[in-house]
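1. got a predicted structure plus its sequence, pasted below:
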Amino acid sequence: MLAAAVLNGLMYGAIYALVALGLTLIYGVLHIINFAHGAMLMLALYSAFFLFELLNIDPYVAILIVTPASFILGYVLYRWGIGKLSKGRDQNILLITLGLSIIIENSALFFFTGDQQTVNLSYSYDALDLGFVFLSYPKIISFFASLLICALLWALMSLTDLGKAIRAVAKERQGARLVGIDVEHIFAVTFGIGIACLGAAGCMLLPIFYVDPYTGNIFVVIAFTIVVLGGMGSIIGALLGGFVIGITESVGGLFLGESLGQIGISLIFIIILIFKPTGLFGSKV
Amino acid sequence: MTLLGKLKLPKAANGISAGRKSIIFLLVAAVVTLFAPTFITNKFYLDVLTLIFFTAYIGQSWNILGGYAGQFSFGGVMFFGTGAYASTILLTTFGIPPIIGIFAAVAAGAILGLIVGYMSFRAGLRGSYFALITLAFAELLRVLANSVEFTGGGVGLFLTYAPSLKNLQFDTPTGFYYFSLILLAISIAVAIWLERSRFGAQLAAIRENEDAAEALGIDTLRCKIYAIMIMGAMGGAAGTFYAQKYLYLDPPIAYSIALSVEMLLVTIVGGMGTVFGPLIGAFVLHMVNEITRNFIDTPGLSMIVYGVILIFIISYLPNGLMGLFRKRQDVLGGSLETTKNELESKDA
Amino acid sequence: MLDVRGVTKRFGGLVAVSSVDLSVSQGEIVSLIGPNGAGKTTLFAIIAGFLKPDEGEITLNNNSISGLKPHKICKMGMVRTFQITQPFAGLNTLENIMVGAYANTSDQFIARRTAERVAEMVGMTSQLYKPADGLTVAARKRLELARALATNPDLLLLDEVMAGLNPTEIDEVVHVIKEICSSGVTIFLIEHVMKAVINLSDRTYVLNDGKLIAKGTPRSVASDPGVIEAYLGHGAAKTMMGGD
């Protein structure tokens, strides 16, 4: 039972990692905490849902549509929204992203109603029999797809010029400006990438979870916990943190039951913030 | 003998000279609100006012920590819920009447504030991190309330309908109207006191520049903890009010994120760090609610409008609606304005 | 009054302050000079309680203050100003100074009167109701000074209070500092403006690379070869002494 829980946790953990990756990237480069992260994941989930319901597009295929669309949304949102309105003040950004999350969440409520929606794929119930546990195919696909995207992201950051520019801006904003990097553009690109991660994650999450206007909230605390655990701004931290949290949630649920298991996450979050706010790998608070 | 020892410091003036305009305004407002129930025959509107006063009250609690001290909490509902549970459990399990229970709620809120404040501020959490951790605490409490026996778990707690003063229950809207009015009056008094006191100046200093405040002898940790305890105490009483009015309590109600958002929203819209900001914000937001509800009555629309208003205010009117009435945030109170006039007339 | 013994501070591998001994006696004006990056502000931060020393002891009037929080040290009579001014931006000048005044009273009217008197002393009476974030650099420096003064300190730590001022403004500030000292406040200041240092200080300490390399009267220190080298580079002393 324990092994099954661990494996299950690992599966979800990969997707959590992807969600957290977007968040930590946005923090690492823009130094803002995106409170709307959960709400935007929810948007991605709904997008995948409607693409399936209305156009019969398999969620995993939908990744190819939702991800770029999310990137564009993120870019535009930052460039002509958040970036402009906040005038750079920390306090403002905090509240603006909060406002954004309220708008998104309630728009979903308004347009889609509060009903929970799920998708049933033809292979939703097919599973791999490993002897001690059944792993449904969607979970397996999601797991590997997440890892793939994380790898792609790593490649982007380390091997491309864009990645170099992003890392430069993250390290030294003024210096980057001085060597001619369009910092505002990089900010918007990074935000876009962060939201694109959500786009992909949403597609992968839909088959193994559900969506309603409040799904975002559930993942907000999880995502923040991972980022804080792994360290704000650390990609490796987000990855490892994702797995740790996924497993914790799964094992916690096993031993403490569904609702108390959720406490584990909030508790970890609080404990880390208080005792080691820099996380396991990250930079200063 | 130091510099200031040489100066002849005056004796403290007796009493507090508030701006004359403010006193008149307050008196008129007090009279109007006190006698409102005799003029307002339609009890529905009385109920509306009650709700507005309640929202303004809980908004003011957020204002103390957020507007005056500059520490934004996203989990303010935790004091409300904990207070509500405190007085309700005392009632349903031990038969202690709410008129006493409300003090337990206040104490519970203050103690929770002490715990959360000490842990968070001692760890040096500020800005977004502080906001996040308050959110986490509220979530934690919600899950706990859901899983534990004595809070009634997911089923919640039911209160019996038994109107009486000692039960803080009233069979007419008028009763609750005055209940909420008293709470509101207390919150306004607290804010006015804050603006004229040294504590208020210390909070303002912490808000503007914590390191500088520390350098000038302000125990920033202690002050912030006091502020959050006040917020907690006020929130606790709000919880009892709610429980006695609606006679039902469960975790999603007690620890709803919506209330955390509402208390910060009314304050920001009305004007952070002002005495009447939360009240103005509560009025405005309620009207927005009514208007949107008349337009299309689907859940979610008014919150969408709230979100838009929040973003708009932060971007273009950071001092809220009160900011339209004042040139800038007059933190240390109306008395400063008065003496400025005195000073100027002396020179004339 | 102030005794600093063997104070050392490391940041990772970097030794910012190394075994510094110095003292300031009541009624003196003592200055701390040295090239940029010498560790002067770090030393101030340690003395005022913003940083904990890795080694060493600091006592104020024979009471140990090492490791105490800044607000406690302020209550014991020592206040610092910041090199980069830290005004309470949303408040006006009067309110800013009042915050300092509140260190000694809880009465709003006493605090206000105190603030007004202090403002008069540093020459800011005409700017009392200006918002702090609208002040010029020179005014902000003065505000920083006024605020610290309002706490009624025994010892005032001034960090580059003349930086960014023009010669007239410097003369004014020098005058104000002399007045402050004559009313009984001891002053310990970091400064780059040599004219002010020589004009004001009874004694000077010179810090370079975290170490004290000279101490004494401003004139003796100015002709110390080690000091000249620190500022002008290796061999400079010889060049200047030997003439060439």
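-> On my side now, so go ahead. Remember, it's a predicted structure, so these values are computed and weren't measured experimentally.
2. shaky segments in chain C?
-> Counting by pLDDT under 70, chain C has low-confidence residues at C:235-244.
3. can you show me the strands along it?
-> In chain C, the segments counted as strands under DSSP state E are C:2-11, C:14-24, C:29-33, C:55-60, C:63-64, C:78-80, C:155-159, C:186-190, C:203-208, C:211-216.
4. strand partners (parallel or antiparallel) of the fourth one?
-> Same thing as strand C:55-60. With DSSP bridges as the test, strand C:55-60 is paired with strand C:2-11 (antiparallel), strand C:63-64 (antiparallel).
5. pick the most buried one from the ones you listed.
-> For the strands paired with strand C:55-60, average neighbour numbers computed from mean count of other Cβ atoms under 10 Å in any protein chain shown are highest in strand C:2-11, which has a mean of 18. Backbone N, C-alpha and C define where each C-beta goes, glycine included.
6. closest one to A:Ala62 among the strands paired with strand C:55-60?
-> For the strands paired with strand C:55-60, the distance to A:Ala62 is smallest for strand C:2-11, at 50.2 Å, taking Cβ to Cβ.
7. among the strands of chain C, which is the most enclosed?
-> Buried most deeply of these, by mean count of other Cβ under 10 Å, is strand C:78-80, with a mean of 27.
8. middle-most residue in chain C, spatially?
-> When Cα atoms, centre = their mean is applied to chain C, the residue found nearest the centroid is C:Leu158 (1.9 Å).
9. quick check: closest non-adjacent residue to that one.
-> C:Leu189 (4.0 Å; Cβ to Cβ, 6 or more residues apart in numbering or on different chains).
10. measure the one you found to A:Ser122 for me?
-> For C:Leu189, the distance to A:Ser122 (Cβ to Cβ, to the nearest Å) stands at 79 Å.
11. what ranges does the stretch 1-150 of chain A have for its helices?
-> A:2-30, A:37-55, A:59-77, A:83-86, A:90-112, A:137-159 (DSSP state H, counting those that start in this stretch).
12. looking at these, which is closest to B:Gly271?
-> B:Gly271 lies closest, by Cβ to Cβ, to one member of the helices of the stretch 1-150 of chain A: helix A:90-112, at 14.1 Å.
13. same for that closest one, what does it pack against?
-> With contacts taken as 3 or more Cβ pairs under 8 Å, 6 or more residues apart in numbering or on different chains; DSSP states H and E, helix A:90-112 sits against helix A:37-55, helix A:83-86, helix A:215-230, helix B:127-147, helix B:257-270, helix B:301-316.
14. let's have the helices of the stretch 1-150 of chain A in TSV, adding mean pLDDT, distance to C:Ser183 and mean neighbour count.
-> TSV is the format used below for these (pLDDT from 0 to 100; distance: least, Cβ to Cβ, whole Å; neighbours: other Cβ atoms under 10 Å in any protein chain shown):
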stretch	mean pLDDT	distance to C:Ser183	mean neighbour count
helix A:2-30	86	50	24
helix A:37-55	91	57	23
helix A:59-77	92	58	20
helix A:83-86	74	46	17
helix A:90-112	88	40	21
helix A:137-159	86	60	17
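15. want to throw these into a markdown table with distance to C:Glu57?
-> As requested, these are exported to a markdown table (distance: least, Cβ to Cβ, whole Å):
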| stretch | distance to C:Glu57 |
| --- | --- |
| helix A:2-30 | 40 |
| helix A:37-55 | 49 |
| helix A:59-77 | 54 |
| helix A:83-86 | 46 |
| helix A:90-112 | 38 |
| helix A:137-159 | 48 |
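16. and of those, who's closest to C:Val137?
-> Nearest to C:Val137 among those is helix A:90-112 (24.2 Å), distances taken as Cβ to Cβ.
17. using PDB, list the CA coordinates for that closest one.
-> What follows is helix A:90-112, C-alpha atoms only, in PDB (Å, rounded to 0.1, in the frame of the first residue of the first chain):
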ATOM      1  CA  ASP A  90       5.700  44.900  -4.700                       C
ATOM      2  CA  GLN A  91       2.600  45.700  -2.700                       C
ATOM      3  CA  ASN A  92       0.700  46.600  -5.900                       C
ATOM      4  CA  ILE A  93       1.700  43.500  -7.700                       C
ATOM      5  CA  LEU A  94       0.500  41.400  -4.800                       C
ATOM      6  CA  LEU A  95      -2.900  42.900  -4.900                       C
ATOM      7  CA  ILE A  96      -3.200  43.100  -8.600                       C
ATOM      8  CA  THR A  97      -2.500  39.400  -9.000                       C
ATOM      9  CA  LEU A  98      -5.000  38.800  -6.300                       C
ATOM     10  CA  GLY A  99      -7.500  40.800  -8.100                       C
ATOM     11  CA  LEU A 100      -6.700  38.900 -11.300                       C
ATOM     12  CA  SER A 101      -7.300  35.600  -9.500                       C
ATOM     13  CA  ILE A 102     -10.700  36.800  -8.200                       C
ATOM     14  CA  ILE A 103     -11.700  37.900 -11.700                       C
ATOM     15  CA  ILE A 104     -10.600  34.700 -13.300                       C
ATOM     16  CA  GLU A 105     -12.100  32.400 -10.700                       C
ATOM     17  CA  ASN A 106     -15.500  34.200 -10.700                       C
ATOM     18  CA  SER A 107     -15.600  34.500 -14.400                       C
ATOM     19  CA  ALA A 108     -15.400  30.700 -14.500                       C
ATOM     20  CA  LEU A 109     -18.100  30.500 -11.900                       C
ATOM     21  CA  PHE A 110     -20.200  32.900 -13.900                       C
ATOM     22  CA  PHE A 111     -19.800  31.300 -17.300                       C
ATOM     23  CA  PHE A 112     -19.300  27.700 -16.500                       C
END
